[in-house]
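Asker: What follows is a predicted structure for the sequence shown.
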Amino acid sequence: MTFLQLLLRESTVSPWFLFSIASLSGLSNTLLLTVINMATQRSSQESGFFYIVLFLVVLGFYLLSQRYFLTTTIKEVDTILHKIRLRVVNKIKDAELLSLEQVGRAQIYAALTKDMQTISNASIGVVLLAQSTLLIAFTLVYIGWLSLVALALFIVFLTSSAVFYLVKMREFSQDIHQAMLLENELFDALTHLLDGFKEVKMSESRSAALLEHISAISASVKDVKAEALTQISVFGIFGSSAFYLLAAVVVFLLPQLGAYYSTISTQLSTAVLFLAGPVSALVNSIQAYETANVAAENLESLEASLDRQVRPASKRRARPLVIRNQSFSEITFERVQFEYRGKNRQVTFRLGPIDLSIKRGETIFITGGNGSGKSTFLRLLTGLYFPTKGVIRLDGQRVSEANAVAYRNLFSVIFYDYHLFDRLYGLSHIDKQYVEELLEELRLKGVTRLVDQRFEPLDLSSGQKRRLALLISYLEDKPIYVFDEWAAEQDPDFRRYFYTDILPELKAKGKTLVVVTHDDRYYNMDYIDRIIKFEEGRIVSGA
């Protein structure tokens, strides 16, 4: 999809209306040239006052039409981008976790930031492209009115230049497309540097290899862009020289065809100089247009990827879950199985089959080694993944992608790789006194505070951030709490407090607790109902 196709598809403003305004602007610009040439051809006895007034009137009309066209087009482009941005964000919101993982963050970030900024910046260039094209057309009409021979000369010159330029632009477009793909790779590598900073610091060889990889991609981007821009710059110099050549032909050769051409040589020379501006703007605008084309293709590619991964609401047919008093009685796993598959569709890990029942108010500890399936189980339990085989039921009702929203609302989850938001999204009417009590209980008093629906500061230690996440879970007050290695980064004193005070307190309130932990010293606590152990994707005890 090209940039122009994107605008035509998404715009709510009639393209014919914009074309009319652009035509008026281009026509008034050409009339300025006509008025100037008429004034230079007047006799010495003829007053110039009429031409001054006419020039000012035409100039005013040109400025008004130009301003209206520019502001309307730029606002419309930004409105279109706003609409696309929200549409993509909604598709991301509606996507499932596994689907989003397959799309990848690099493509999403690049499309919603760099590519949209490229299109926004190109909007002025596209306006100039349209206006320059119309201005050239009107100027050629004026030249044809002066002389058909001169018109033929100008058309041959512009056509040959355009053919040569379009060939070069095709090469330029391919190079820019390659550069933008490389920039996405660079963004992905930089994400690894930032997200894996601790791991990078812990291995000099890994650090050096990653730096070498980033350097190689950056150098490729530099080389491809430099080659493309150099070609365009060289052609720009060629275009300027060609205009000088055209001016020389008009001045030196056309008068040789007869006295009439000597008479109009000044007007034609003025037309050549007048064309230099719009042609130069056209050249620069086409560069911006080609870059915007690549950005538009990236946006379309992202939306297509999301559409492939997100099932439309019309195909998500299931009975809605009946949840009474925001609670439940039992969650059951019936021969549940989940498979990870690689690019060749081969199974790389299989969880299950699992038969399990979790009753309201139970406290269940989950244990097992790395790679045993604990995290996958949590994703299935919380409705982030859906079984490859088998069924998960809530009070006998089948949980599926179509009704998972209500099911997920039962859970308050702090994953091991949790994200701490900068504000209390989705929470209103906060009891500030209760927040103060929780800050005191979680030993965050004086460390952070609630200011206008957000906690400040957030530059806390890992353990303090987990406590703040727990505080937010308290505010959510869901019936099921899931803790994924929550105590792993707490100091020994607060870790003990978590197991001996916080968990029993939540159980006493009737909360269902699912706790992933390796802290075996607390496995004998009397409030624990079951300890489920995973090995190699299967439950080996506790079910």
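Answerer: Here it is on my side, so go on.
Asker: ok, which stretches of the stretch 351-500 of the chain are strands?
Answerer: Under the criterion DSSP state E, counting those that start in this stretch, the stretch 351-500 of the chain carries strands at the ranges 363-368, 389-394, 397-398, 411-414, 449-451, 454-456, 480-484.
Asker: how about S412, what does it touch?
Answerer: For S412, the set of contacting residues under the criterion of C-beta atoms under 8 Å, 6 or more residues apart in numbering consists of 473, 476-478, 480-482. (Glycine included, C-beta is placed from N, CA and C.)
Asker: and the gap between it and L506?
Answerer: Taking C-beta to C-beta, to the nearest Å as the measure, S412 falls 10 Å from L506.
Asker: Pull up the overlap in contacts between the two.
Answerer: Contact criterion C-beta under 8 Å, 6+ apart; residues shared by S412 and L506: Y481.
Asker: what distance separates the start and the end of stretch 501-519?
Answerer: Start-to-end span of stretch 501-519 (C-alpha to C-alpha, to the nearest Å) is 15 Å.
Asker: Which residues belonging to that stretch are considered buried?
Answerer: For stretch 501-519, a neighbour-count test (16 or more other C-beta atoms under 10 Å) marks 502-504, 506-507, 511-517, 519 as buried.
Asker: Where helices are concerned, which of those residues count?
Answerer: When these are checked against helices (DSSP state H), the matches are 503-504, 506-507.
Asker: now the residue nearest to K83 when sequence neighbours are not counted: how far from S327?
Answerer: Once its chain neighbours are removed from consideration, K83 has its nearest residue in E10; the separation is 6.4 Å (C-beta to C-beta, 6 or more residues apart in numbering). Counting by C-beta to C-beta, the gap from E10 to S327 is 45 Å.
Asker: Show me where the stretch 251-400 of the chain dips below the pLDDT cut-off.
Answerer: Scanning the stretch 251-400 of the chain for pLDDT under 70 picks out the ranges 251-266, 273-274, 276-277, 280-287, 309-319, 343.
Asker: what about the helices in it?
Answerer: Ranges of helices within the stretch 251-400 of the chain are 259-309, 374-381, based on DSSP state H, counting those that start in this stretch.
Asker: among the ones in helices among the buried residues of stretch 501-519, which two are most distant?
Answerer: Looking at those by C-beta to C-beta, the two members farthest from one another are P504 and L506, with 7.4 Å of separation.
Asker: Just the buried residues out of the contacts of S412, in ChimeraX syntax.
Answerer: To isolate in ChimeraX the members of the contacts of S412 that are buried, counting by 16+ other C-beta under 10 Å, one can use:
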select :473,478,480,481,482
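Asker: And the contacts of S412, which is closest to Q117?
Answerer: The shortest gap between Q117 and any of those belongs to E476, at 35.8 Å (C-beta to C-beta).
Asker: What's the per-residue pLDDT of L471 here?
Answerer: What the model reports for L471 is a pLDDT of 91.
Asker: try K198
Answerer: Value listed for K198 in the pLDDT field: 59.
Asker: What are the boundaries of the helices in the stretch 51-200 of the chain?
Answerer: Per DSSP H, counting those that start in this stretch, the stretch 51-200 of the chain carries helices over the ranges 97-103, 105-110, 116-146, 148-195, 197-201.
Asker: Please determine how far G396 is located from F386.
Answerer: Separation of G396 from F386 (C-beta to C-beta) stands at 18 Å.
Asker: Those two: which has the busier surroundings?
Answerer: More crowded of G396 and F386, by other C-beta atoms under 10 Å: F386, with 17 against 9.
Asker: Would you agree the more buried one is in contact with A402?
Answerer: No: checked against C-beta atoms under 8 Å, the pair F386 and A402 is beyond contact range at 10.2 Å.
Asker: what number of residues lie near D223?
Answerer: Quick note: D223 (other C-beta under 10 Å) scores 13 neighbours.
Asker: can you tell me how far it sits from D188?
Answerer: When distances are taken as C-beta to C-beta, D223 and D188 turn out to be 19 Å apart.
Asker: and E212, what element?
Answerer: helix 204-248 (DSSP states H and E).
Asker: hmm, back to that, which two in the contacts of S412 are spaced the farthest apart?
Answerer: The most widely separated members of the contacts of S412, counting by C-beta to C-beta, are D477 and V482 (14.4 Å).
Asker: Now do the same contact list for V482.
Answerer: Contacts for V482 (C-beta under 8 Å, 6+ apart) come out as 378, 381-382, 411-415, 514-515.
Asker: Return the member of the ones in helices among the buried residues of stretch 501-519 nearest to L31.
Answerer: L31 has its nearest neighbour among these in L506, at 79.2 Å by C-beta to C-beta.
Asker: Wait, the closest one touches V514, no?
Answerer: No: with contact taken as C-beta under 8 Å, L506 and V514 are classed as non-touching, separated by 11.4 Å.
Asker: and for these two, which residues touch both?
Answerer: For the pair L506 and V514, residues contacting each of them under the criterion C-beta under 8 Å, 6+ apart are Y481.
Asker: still on that earlier bit, for the contacts of V482, which one is nearest L468?
Answerer: Set against L468, the nearest of those by C-beta to C-beta is I414 (10.2 Å).
Asker: Relative to D307, how far out is I84?
Answerer: In this structure, I84 lies at 13 Å from D307, with C-beta to C-beta as the measure.
Asker: So which of these two has more stuff around it?
Answerer: Counted by other C-beta under 10 Å, I84 and D307 do not tie: I84 has more neighbours, with 21 against 11.
Asker: Hmm, L302 and the more buried one touching each other?
Answerer: No: assessed by C-beta under 8 Å, I84 is found out of contact with L302, at 9.8 Å.
Asker: Kindly state the beta-bridge partners for the closest residue to R398 other than its chain neighbours.
Answerer: For R398, the nearest residue in space outside its immediate sequence neighbours is V391; the separation is 5.6 Å by C-beta to C-beta, 6+ apart. Using DSSP bridges, the beta-bridge partners of V391 come out as E334.
Asker: same deal with I414?
Answerer: With DSSP bridges applied, I414 shows beta-bridge pairing to F483.
Asker: Torsion angles phi and psi at E535?
Answerer: Here is the backbone geometry of E535 (degrees, to the nearest 10): phi -140, psi 130.
Asker: Can you tell me the closest non-neighbouring residue to it?
Answerer: Setting aside the residues directly before and after it, E535 is nearest to S372 in space (C-beta to C-beta, 6+ apart), at 5.4 Å.
Asker: Pull the number of nearby residues for the one you found.
Answerer: In terms of burial, S372 registers 20 neighbours under the definition other C-beta under 10 Å.
Asker: domain ranges for the chain?
Answerer: Per the record, the chain has its domains at 3-310, 324-541, by automatic domain parsing.
Asker: between these, which gets the lowest average pLDDT?
Answerer: Set side by side, the domains of the chain show their lowest mean pLDDT on domain 3-310, which sits at a mean of 72.
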